[in-house]
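Chemist: Return a 3D structure for these sequence lines:
(2 chains)
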2 protein chains.
Amino acid sequence: MKFHEIVRKSRSYRRFYEDKEIPQLTLLKLVDNARLIPSAQNLQPLKYYIVEYDQRNLAFPHLKWAGYLKDWDGPIEGERPSAYIIIVSDKKISPNVMWDHGIAAQTILLGAVSKEMGGCIIRSFNSDGLASAFNISDDYKIELVVALGFPKENVIVKEIENGEDIKYYRDSEGNHYVPKRKLADIIINKCK
Amino acid sequence: MKFHEIVRKSRSYRRFYEDKEIPQLTLLKLVDNARLIPSAQNLQPLKYYIVEYDQRNLAFPHLKWAGYLKDWDGPIEGERPSAYIIIVSDKKISPNVMWDHGIAAQTILLGAVSKEMGGCIIRSFNSDGLASAFNISDDYKIELVVALGFPKENVIVKEIENGEDIKYYRDSEGNHYVPKRKLADIIINKCK
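Modeler: Here you go, the predicted structure:
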């Protein structure tokens, strides 16, 4: 798959074929990609907790899904992620991850898409609940959770005009639409 | 190129074949990749100023290079980037880009590497100087600059033990070494 195809295919997926397990080696490779990312001042404060298939039910209760879908409480049993990668920062290394967590999460997601999987970056979680479920010590701050699986939903990018609503939504058939600005509207050179 | 090869090849490059111009269409495609990234709450506050070849000398004086290389003031004439993408946030859309700028910068860089180019994420810059050079209005905050070009240096990843120095360095032949932690040292599951 060409890189721009990976980027285009990498939507935020929230429904999956839950019974399709992700091999441990695959998860390790996704984290190894994140290991090699640029890091502000090369400090590398980020570390990772890999939640494999048999632990997935320990993570799910502490996550919130799709803030704009008011009538939807998240994926039902059978459509939940089959794995998670919890991105934490090591407070002893740096109190501030700058933008490293964005780089890491995106690199994990693009890696997943390149292997026919997909996922979603989640920041809305119960941090104490997650830390307790996985015995993540106080030395670490949970920054982001990347949910992973084999997507079972149709996510469609819809170009919008300036000023149009950016909230994602679903149609009656469950297709998920994501409004994105047009290229001409995000390049500011014309402001000169 | 496979995705994990793109990630591995995407080092922070700071010396380039400056005379090798990057076509405008290529730069637009890199920004179009960034247009399609996940964005916190899908707010999409990021916008972009594309600095093409003929404007490159306007950007260079406002950037600082490689904080750990005390005896190096940055690339000499002829080895400077041939283009830049300035990532700004639109303050009217959101006062806080969360981790979107990391996602955007990495997506631009990986896209560049997939096309045999390379670059460097820069946060050490004179914001007023850049804004003035490119008439970037006060509606925007400059978040990051991605320098781009065709790399003219050898950057080598070196695995380090826990506690070893993470500062990058060069040898007498100008090879650039970047210490990165080992995979086993960034996975915290073993802390259970």
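
Chemist: Please name the bridge partners of residue A:63.
Modeler: Here residue A:63 shows beta-bridge partners residue A:125, assigned using DSSP bridges.

Chemist: what's near enough to touch it?
Modeler: Residues near residue A:63 by CB atoms under 8 Å, 6 or more residues apart in numbering or on different chains: A:74, A:122, A:124-126, A:145, A:147. For every residue, glycine as well, the C-beta is placed using N, CA and C.

Chemist: Check residue A:74 too.
Modeler: Counted by CB under 8 Å, 6+ apart, residue A:74 has contacts A:14, A:60, A:63-66, A:80.

Chemist: same thing but 10 Å
Modeler: Going by CB atoms under 10 Å, 6 or more residues apart in numbering or on different chains, residue A:74 touches A:14-15, A:60-61, A:63-66, A:80.

Chemist: mind listing the helices in chain A by residue range?
Modeler: For chain A, the helices defined by DSSP state H cover A:3-9, A:24-35, A:56-59, A:100-114, A:127-133, A:183-186.

Chemist: What's opposite the residue most central in space within chain A in the beta bridge?
Modeler: The geometric centre of chain A, computed from its C-alpha atoms, lies nearest to residue A:121 (CA atoms, centre = their mean), at 2.1 Å. Counting by DSSP bridges, residue A:121 is bridged to residue A:146.

Chemist: ok and the residue in chain A nearest chain B?
Modeler: Nearest to chain B, among the residues of chain A, is residue A:102, at 2.6 Å (CB to the nearest CB).

Chemist: Do I have it right that residue A:13 meets residue A:146?
Modeler: No. Using CB atoms under 10 Å, residue A:13 makes no contact with residue A:146, being 11.2 Å away.

Chemist: Touching both of those two, which residues are there?
Modeler: By CB under 10 Å, 6+ apart, the residues touching both residue A:13 and residue A:146 are A:81, A:109, A:112, A:119-120.

Chemist: that older thread, dump the residue contacts of the residue nearest to the centre of chain A.
Modeler: Residue A:121 neighbours (CB under 10 Å, 6+ apart): A:12, A:87, A:101-102, A:104-106, A:108-109, A:144-147, B:37-40, B:98-99, B:103.

Chemist: ok, back up a step: how about CSV for the contacts of residue A:63, with pLDDT and distance to residue A:170 added?
Modeler: CSV is the format used below for these (pLDDT from 0 to 100; distance: CB to CB, whole Å):
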residue, pLDDT, distance to residue A:170
A:74, 96, 13
A:122, 98, 18
A:124, 97, 18
A:125, 98, 22
A:126, 98, 25
A:145, 98, 22
A:147, 98, 18
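
Chemist: ChimeraX command to pick out the buried ones of the residues you listed?
Modeler: ChimeraX command restricting the contacts of residue A:63 to the buried ones, with burial defined by 16 or more other CB atoms under 10 Å in any protein chain shown:
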select /A:122,125,145,147
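
Chemist: How many residues are close by the residue of chain A closest to chain B?
Modeler: Using other CB atoms under 10 Å in any protein chain shown, residue A:102 has 29 neighbouring residues.

Chemist: Identify the residue spatially nearest to it, adjacent ones excluded.
Modeler: Excluding the flanking residues, the one nearest residue A:102 by CB to CB, 6 or more residues apart in numbering or on different chains is residue B:102, at 2.6 Å.

Chemist: I'd assumed residue A:104 was in contact with the one you found.
Modeler: Yes. Counting by CB under 10 Å, residue B:102 touches residue A:104, with 7.9 Å between them.

Chemist: Between these two, which contacts overlap?
Modeler: Contacts common to residue B:102 and residue A:104, judged by CB under 10 Å, 6+ apart, are A:37, A:97.

Chemist: ok, residue A:56 - contacts?
Modeler: Counting by CB under 10 Å, 6+ apart, residue A:56 touches A:18, A:21-22, A:80-84, A:147-149.

Chemist: of all the residues you listed, which comes closest to residue A:137?
Modeler: Distance to residue A:137 across those (CB to CB) is lowest for residue A:84, with 18.2 Å.

Chemist: Just give the number of residues close to residue A:79.
Modeler: 17.

Chemist: And for residue A:54?
Modeler: Count around residue A:54 with other CB under 10 Å applied: 9.

Chemist: what separates it from residue B:19, distance-wise?
Modeler: According to CB to CB, to the nearest Å, residue A:54 stands 56 Å off from residue B:19.

Chemist: quick one: residue A:180 from residue B:40, how far?
Modeler: Noted for residue A:180: a distance of 14 Å to residue B:40, by CB to CB.

Chemist: what do you get for residue A:92?
Modeler: Applying CB to CB to residue A:92 and residue B:40 gives a distance of 27 Å.

Chemist: Comparing those two, which residue is more hemmed in?
Modeler: More crowded of residue A:92 and residue B:40, by other CB under 10 Å: residue B:40, with 19 against 9.

Chemist: what is residue A:49 paired to in the beta sheet?
Modeler: Using DSSP bridges, the beta-bridge partners of residue A:49 come out as residue A:86.
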